[in-house]
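Peer 1: With the input below, show me the fold.
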Amino acid sequence: MEVTPANLEAMAGYLQQTLSPDQDIRRNAEKFLESVEGNKHYPVLLLHLMDKDAADAHIRVSAAITFKNYVKRNWRVDDVALDKIHADDREQIKQYIVGLMLKSPEQVQKQLSDAISIIGREDFPKKWPGLLTEMISKFQSGDFNVINGVLRTAHSIFKRYRHEFKSQELWEEIKFVLENFASTLTELFKATMGLATTHANDPKALKVIFSSILLICKIFYSLNFQDLPEHFEDNMDVWMEHFLHLLRADNKLLQTDDDEAGLLEQVKSQICDNVGLYAQKYDEEFSTHLPNFVKAIWELLVTTGPSVKYDLLVSNAIQFLASVAERPNYKSLFDGTETLANICEKVVVPNMQLREADEELFEDNPEEYMRRDIEGSDVDTRRRAACDLVQALSKSHEGPVIQNFSRYVQALLEEYAKNPGQNWRSKDTAIFLVTSLAAKGQTQKQGVTQTSELVNITEFFQSHILPDIQATNVNEIPILKADVLKYLMVFRNQLPVPVIQNTLTHLLRFVQADPVVVHTYAASCLERLFMVRQAGVPAITCDLVLPMASDLMTSLFAAMEKPGSTENEYIMKAVMRTMSLLQEHILPMMPQLIAGLKEKLVLVSKNPSKPHFNHYLFECLCVAVRSACKKHPEAVTAFEEALFQPFTEILQQDVQEFIPYVFQILSLLMEQHSGDIPTTYLALFPHLLAPVLWERPGNIPPLVRLIQAYIQKGSHQIEAEKLNGLLGVFQKLIASKTHDHEGFYLLNYIIEFVPKESLSQYLKQIFVLLFQRLSHSKTTKFIKSLLVFFSLYAIKYSASSLIETIDGIQPKMFAMVVERLFLPDLQKVSGHTSKKICAVGVTKILTEAEAMVNTEYSSLWARLLQALVGLFELPEDDSVPDDEHFIEIEDTPGYQTSYSQLAFAGRQDHDPLAGFSEDPKVCLAKGLEKMAIRCPGRIQPMITSGMEAQAQTFLLRYCQAANVSLG
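Peer 2: Numbers count the residues shown, from 1 in each chain. This next block holds a predicted model:
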């Protein structure tokens, strides 16, 4: 794929087609690009297309986005064998990309900056040491568009320092950056601040200069996050003096007319973050500067208006005060009733009050309102910051804070009582303030987990929340209705069970409300109440819900027909939870439920856009299958009739987001069948082996499970040539560090269920592949899986067969397997079933394989027996070499559609030794006894001379428990 004018033109044509409104044209173009992205020069071709001034702007942007996503998917390599990017291309990209990024239009520049960040995460600084030098050299250009490009890239590379765990490698990288970049950044900051003064009356120049200042402030935060660098400690006066100046700056030319935060607001917000970081982490070094910042930020808060564009600034400013209030050293700053009254009156209450913008959000964008309000993602809202400040103050001044703020709550509620229709906003603020005062600990899953003893949650509920829940008109003053439902949700674990139970019928009415937020909160509230357990007992039982079950289901599905809720994840989750609670009691409603769920499935599969909704939809299908087939397995045919058509369309249309779900449900359906696999499933089997399906990491776990179901149910129905394809899949999986365990899942099922005569011609090749992978890439995960496989093979085909097969590859190779794998690593095997398989398998090797006693392998016999006793008695060895810490089963390279496990599609762990009830220790003792009879006078001397005394003691106990003697 050389960089030629013809190829550039062809690439531009395909990129144009990916923007087509015609779905078929778009998908075909996307598939073509996916099929050629492994070709040499493909990424370089995209870079050259971006660099082509004659190309249309939208094509250059499309090339930039395609390139960034390509880098996301492929730059990181876990397995060298699976590297899609040629080494020459990697070098060319790194030489070309920074210069190209800096001269590109802004939209292209942003995408390339992100791509540099992704490459930097993997290669910087060790494999890309010249990156920083190249970037710093561009500062000399004096062109602020170039400087901002460099700063934006530096920010995108360094911001990960805010989230990384401490490690030697991270320290070395940050040290390298500080040595090369810190002093340059400080000088650039000083020079830019000087230019801001010089150009104070030039709006165009100011915009560019403040863009630089904002990026410099963000980089400052990243470089200071892990520890206080010596350079910044030495230059703290310089930085803090400029930060103070910027906090007090007020240039009319930087003000914006709309609701978007301007550059000045963004800079001030970031400075609040920066000094908040110093106050929290470096308070000793920062203590002399702190009073000035408390004063400046307090002044900023009391003079900043309620406009939406100031939200982030006000939120960060309040968060700064909260972080200071939490520190015991600064407790004295907030002592005194007057100070607390001032904070309450001038900061907390004004920023908790509902504004016109919030009401508009409630009506016009209910999804965003809910995201901020109940999902805990309101981190940057004024209300959240004010709530955090109340809670921070309560840590050291709980009594005075609650006493002081309670007066405001009382006043707000009295205001509401005078004219509820007019003054409902006062009650809204009061409820929010009470929640802030009462909640001391809270999680998304459990709601409030710790409360203040000084606030009576139940009394407030009975007096001020319940009347609104009992109100007949569910559509009246909807924000207040949402508030009371949220209160019930938040304090569900603190309210008495009878109180919770009495709200059920009212919540059913609220599900029928028109406002999106109200019927959503009602559904979410029901879903969460169904999960409440007090003293280990469910608060809501199936018997309580059963009388209203039909009405509830009808109302939930009806709510999903209302505008704004057609793909409402909270409602679908409530449907799932209700079905799960009712279990087999949903059978009378099953035809309507399946029809409703199928209708939703057909609708969303045309354009999947709400991942959580889709997930709960598939969970509902799983609950339905499980509930119906629990007592009536034949009911599976009704599900197949309903679902096969939409599933077929999803597979044919290649709806990538849904394919892993379809595979999981097909597995669940097939597992309900007894006897042979139905022909409809058999027709699908060859398509499941298609390589393209296995290219996507998200498909692999559900596909493996589905194929395991085929092997378990119908190994005799799988034709010989299909078995060859199946082993091809195994070969692909076993080559990957990320997915090798999935390859073993398949292989173990093949060994367990496929007749040996069908498999015998492939056995040697299977072992060769395993040893090849072991020689070029040995990981702890692979070795553990390999030991389980060897043990299963010995159980299924005999220990002698295992030894002969391995020695058939290379003479005396089994000795190396015992010495290098079984002896050092048997103790690392984890999991009850895996340990049991290894115990029985090694027992068979020790007691049934004549070669272990009658050949030179006898020198290994006692050591292997000691390793087996270690597996029984010693704690599991979970040590992992340093370079393997990040190879996890769930760790998949890139950012492809990930695998989402359906909780209700889960199956019981398969145990190939399920019929084997004997204690493996007793099994070992009995096996040794039979061996002692076959080889009189030989076993005991081998044990005495070859095993440690403690291991011999344990072995003696096994023999006593089994009532055997090794005489």
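Peer 1: Neighbours of residue 470, how many?
Peer 2: 13 (other CB atoms under 10 Å). C-beta coordinates here come from the backbone N, C-alpha and C atoms, glycine included.
Peer 1: That one contacts residue 506, correct?
Peer 2: Yes. Between residue 470 and residue 506 there is a contact under CB atoms under 8 Å: 6.2 Å.
Peer 1: Show me how far the helix or strand where residue 357 lies is from its chain's centre.
Peer 2: Assigned by DSSP states H and E, residue 357 falls within helix 356-364. The chain centroid and the centroid of helix 356-364 are separated by 31 Å under CA atoms, centre = their mean, to the nearest Å.
Peer 1: cool, stretch 825-835 as well?
Peer 2: Counting by CA atoms, centre = their mean, stretch 825-835 comes out at 28 Å from the chain centroid.
Peer 1: Let me see the contact set for residue 752.
Peer 2: 792, 796, 912 (CB atoms under 8 Å, 6 or more residues apart in numbering).
Peer 1: Sorry, wrong one. I was asking about residue 591.
Peer 2: With CB under 8 Å, 6+ apart, residue 591 has no contacts at all.
Peer 1: again, only this time at 10 Å
Peer 2: Shown in contact with residue 591 (CB atoms under 10 Å, 6 or more residues apart in numbering): 638, 642.
Peer 1: distance of it from residue 633?
Peer 2: Distance, residue 591 to residue 633, using CB to CB, to the nearest Å: 18 Å.
Peer 1: same check, this time on residue 474
Peer 2: 42 Å.
Peer 1: which of the two has more neighbours?
Peer 2: residue 474 (19 against 13).
Peer 1: so what's the more buried one closest to, chain neighbours aside?
Peer 2: residue 513 (4.1 Å; CB to CB, 6 or more residues apart in numbering).
Peer 1: Are we agreed that that neighbour is in a strand?
Peer 2: No. Residue 513 is assigned coil when assessed by DSSP: H, G, I helix; E, B strand; the rest coil, not a strand.
Peer 1: these two touch, right, it and residue 521?
Peer 2: Yes. Using CB atoms under 10 Å, residue 513 is in contact with residue 521, at 9.2 Å.
Peer 1: what's the overlap in contacts for the two?
Peer 2: Contacts common to residue 513 and residue 521, judged by CB under 10 Å, 6+ apart, are 478, 481-482, 485.
Peer 1: Scan those residues and report the most crowded one.
Peer 2: Of the shared contacts of residue 513 and residue 521, with other CB under 10 Å as the count, residue 485 tops at 29 neighbours.
Peer 1: quick one: that residue and residue 471 touch, right?
Peer 2: No. Using CB under 10 Å, residue 485 is not in contact with residue 471; the gap is 11.7 Å.
Peer 1: Now for residue 470 and residue 506: what residues contact both?
Peer 2: By CB under 10 Å, 6+ apart, the residues touching both residue 470 and residue 506 are residue 484.
Peer 1: So which residues make contact with stretch 757-770?
Peer 2: 715-716, 718-720, 723-724, 726-727, 730-731, 734-735, 740, 743-744, 747, 750-751, 754, 756, 782, 785-786, 789-790, 793, 797, 801-802, 805-806, 808-810, 813.
Peer 1: List the ones among the residues you listed that fall in helices.
Peer 2: Cross-referencing the contacts of stretch 757-770 against helices under DSSP state H gives 720, 723-724, 726-727, 730-731, 734, 740, 743-744, 747, 750-751, 756, 782, 785-786, 789-790, 793, 797, 801-802, 805-806, 808-809, 813.
Peer 1: just the buried members of these?
Peer 2: 723, 726-727, 730, 734, 740, 743-744, 747, 750-751, 782, 785-786, 789-790, 793, 797, 802, 805-806 (16 or more other CB atoms under 10 Å).
Peer 1: I figured residue 962 was touching residue 930, is that so?
Peer 2: No. In this structure residue 962 lies outside contact range of residue 930 using CB under 10 Å: 11.4 Å.
Peer 1: Got phi/psi on residue 307?
Peer 2: Note on residue 307: its backbone torsions stand at phi -60, psi 150 [degrees, to the nearest 10].
Peer 1: likewise the one 4 residues further on?
Peer 2: Torsion angles at residue 311 (phi, psi; degrees, to the nearest 10) stand at phi -60, psi -50.
Peer 1: Next, count neighbours for it.
Peer 2: 23.
Peer 1: Convert the C-alpha atoms of stretch 921-941 to CSV, please.
Peer 2: What follows is stretch 921-941, C-alpha atoms only, in CSV (Å, rounded to 0.1, in the frame of the first residue of the first chain):
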residue,chain,number,x,y,z
LYS,A,921,-6.1,-37.1,49.4
VAL,A,922,-7.8,-40.4,50.1
CYS,A,923,-7.6,-41.1,46.3
LEU,A,924,-3.9,-40.6,46.5
ALA,A,925,-3.5,-42.9,49.5
LYS,A,926,-5.5,-45.7,47.8
GLY,A,927,-3.6,-45.3,44.5
LEU,A,928,-0.3,-45.5,46.4
GLU,A,929,-1.5,-48.7,48.1
LYS,A,930,-2.3,-50.4,44.8
MET,A,931,1.1,-49.3,43.5
ALA,A,932,2.8,-50.7,46.6
ILE,A,933,1.1,-54.1,46.0
ARG,A,934,2.3,-54.0,42.3
CYS,A,935,5.8,-53.0,43.3
PRO,A,936,6.5,-54.6,46.7
GLY,A,937,9.2,-53.0,48.8
ARG,A,938,9.9,-50.1,46.5
ILE,A,939,7.4,-47.3,47.3
GLN,A,940,8.2,-46.7,51.0
PRO,A,941,12.0,-46.4,50.5
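Peer 1: buried ones in that stretch?
Peer 2: 921, 923-929, 931-932, 939.
Peer 1: Stretch 632-642 too?
Peer 2: 635-636, 638-640, 642.
Peer 1: With pLDDT as extra columns, can I get those residues in CSV?
Peer 2: Shown next, in CSV, are the buried residues of stretch 632-642 (pLDDT from 0 to 100):
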residue, pLDDT
635, 88
636, 92
638, 92
639, 94
640, 93
642, 93
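Peer 1: pLDDT below threshold where in the protein?
Peer 2: 78-82, 375-379, 440-452, 454, 879-899, 907-908, 967 (pLDDT under 70).
Peer 1: which residue packs closest to residue 312, ignoring adjacent ones?
Peer 2: residue 269 is the one closest to residue 312 (CB to CB, 6+ apart), at 4.8 Å.
Peer 1: and the nearest residue to residue 717 once chain neighbours are set aside, how many neighbours?
Peer 2: Leaving out its chain neighbours, the residue that sits closest to residue 717 by CB to CB, 6+ apart is residue 677, at 5.7 Å. Other residues near residue 677 come to 20 when the count uses other CB under 10 Å.
Peer 1: any idea which element residue 677 lies in?
Peer 2: Judged by DSSP H and E, residue 677 forms part of no helix or strand.
Peer 1: where's it relative to residue 408, distance?
Peer 2: Counting by CB to CB, the gap from residue 677 to residue 408 is 69 Å.
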